[in-house]
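Asker: Curious how this folds, go ahead:
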Amino acid sequence: MKTIGLIGGMSWESSLLYYQIINEYVKEKLGGHNSAKSLMYSVNFQEIKTLQHQGNWDEATKMMIDAAQKLELAGADLIIICTNTMHKMAQEVEASVSIPLLHIADSTANEIVKDGIQKVALLGTAFTMEQDFYKGRLTEKFGLEVIVPDEADRWVVHDIIYQELCLGVIKEDSKQTYLRIINDLRLRGAEAVILGCTEITLLVAQADCSIPVYDTTRIHAESAIDFALKGTTMQTLSEY
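Answerer: Coordinates of the predicted model:
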């Protein structure tokens with residue numbers, strides 16, 4: 001089993017889910033007392049959040065590179081970034097280490113393509129919904145059509161993430177707001193919805209929705225274990 005290096009803390013609530021899912025999946029795969037070989041470098045999310053909203057992505061990139069290099073030095077065989085938004089600097093992080101980085105959008109898109117879905121809705125932070133680093137990858141690499149909420153609803157989704165979910169606050173009215181936005185996107189032709197923020201799974205589940213839900217947290221965590229258990233090479237990383 002390879003050792004998974006997790007860059008976590010963004011927020012710690014979703015990093016906790018990563019750790020739980022990874023170990024539950026290993027137990028499901030191997031049985032007995034098996035658990036994952038993993039290392040986590042947990043950042044101070046307040047520092048990251050401040051840099052994000054200042055638009056200081058260069059400094060945020062340096063912090064992510066530092067975390068990845070420390071994980072490699074500690075013995076990690078692969079890196080996963082336990083957040084969608086900070087995949088904005090995934091290319092720079094991957095270039096800074098000699099071990100593979102498993103991209104959350106790739107893991108998710110592979111499942112969507114496998115299911116024969118073409119048009120997907122994307123929910124996440126405003127950075128993820130509005131910038132091209134995520135949507136562009138889904139479109140250019142996997143041929144998916146990606147739609148997002150209108151501007152007002154994008155900021156509603158964003159604010160609930162930062163002001164509630166990242167603080168561990170779960171509100172029923174916020175859940176209903178998300179479900180209304182998902183339904184609006186369904187009416188615009190979305191065949192499925194990507195929960196493109198690792199905290200959204202705390203609020204919305206498949207049972208709540210009439211279209212398929214792709215939980216990036218679970219998909220990413222489980223694909224990391226598939227990679228670790230199969231000893232996959234960098235050349236076949238895109239399969240996961």
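Asker: Need the three-state assignment for the residue of the chain most remote from its centre.
Answerer: Most distant from the centre of the chain: Gly32, at 28.6 Å, with distances by Cα atoms, centre = their mean. The three-state assignment at Gly32 reads coil, by DSSP: H, G, I helix; E, B strand; the rest coil.
Asker: Return the residues in contact with the residue most central in space within the chain.
Answerer: The C-alpha lying nearest the average C-alpha coordinate of the chain belongs to Asn84 (Cα atoms, centre = their mean; 3.8 Å). If a contact means Cβ atoms under 8 Å, 6 or more residues apart in numbering, then Asn84 has 104-105, 124-125, 128, 134, 196-198, 216 as its contacts. Yep, even glycine has a C-beta here, placed from its N, CA and C like the rest.
Asker: quick revisit: tell me the spacing between the residue farthest from the centre of the chain and Gln20.
Answerer: 18 Å (Cβ to Cβ, to the nearest Å).
Asker: Same check on Thr139?
Answerer: 32 Å.
Asker: Helices of the protein, start to end?
Answerer: Here the chain has its helices, by DSSP state H, at 12-30, 45-54, 57-74, 90-95, 104-114, 126-130, 132-142, 151-163, 172-187, 216-230.
Asker: Can you lay out the ones you listed as CSV showing mean neighbour count and distance to Val120?
Answerer: Putting the helices of the chain into CSV (neighbours: other Cβ atoms under 10 Å; distance: least, Cβ to Cβ, whole Å) gives the following:
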stretch, mean neighbour count, distance to Val120
helix 12-30, 18, 21
helix 45-54, 15, 24
helix 57-74, 18, 25
helix 90-95, 17, 20
helix 104-114, 21, 6
helix 126-130, 21, 12
helix 132-142, 17, 7
helix 151-163, 17, 15
helix 172-187, 16, 9
helix 216-230, 22, 12
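Asker: closest to Leu202 out of these?
Answerer: With distances scored as Cβ to Cβ, the stretch of the helices of the chain nearest to Leu202 is helix 12-30 (6.6 Å).
Asker: Distance from that closest one to the middle of the chain?
Answerer: 14 Å (Cα atoms, centre = their mean, to the nearest Å).
Asker: now for it, which elements pack on it?
Answerer: Using 3 or more Cβ pairs under 8 Å, 6 or more residues apart in numbering; DSSP states H and E as the contact criterion, the neighbours of helix 12-30 among helices and strands are strand 4-8, strand 38-42, helix 216-230.
Asker: per-domain residue ranges of the chain.
Answerer: Split into domains by automatic domain parsing, the chain comes to 4-103+218-239, 105-215.
Asker: quick one, what contacts Asp153?
Answerer: Taking Cβ under 8 Å, 6+ apart as the test, what Asp153 contacts is 181, 184.
Asker: From Leu144, how far out is it?
Answerer: Counting by Cβ to Cβ, the gap from Asp153 to Leu144 is 20 Å.
Asker: Check Ile112 too.
Answerer: For Ile112, the distance to Leu144 under the criterion Cβ to Cβ works out to 6 Å.
Asker: joint contacts of the two?
Answerer: What both Ile112 and Leu144 touch, as defined by Cβ under 8 Å, 6+ apart, is the set Val120.
Asker: residue ranges with poor pLDDT in the chain?
Answerer: 231-240 (pLDDT under 70).
Asker: Nearest to Gly5 among the helices of the chain would be which one?
Answerer: For the helices of the chain, distance to Gly5 was read as Cβ to Cβ. The smallest value, 3.3 Å, belongs to helix 57-74.
Asker: so Ile219 makes contact with Ser107?
Answerer: Yes - the criterion here is Cβ atoms under 8 Å, and Ile219 meets it with Ser107 at 5.1 Å.
Asker: can you tell me which residues contact Ile181?
Answerer: Taking Cβ under 8 Å, 6+ apart as the definition of contact, the neighbours of Ile181 are 123, 149, 153, 156-157.
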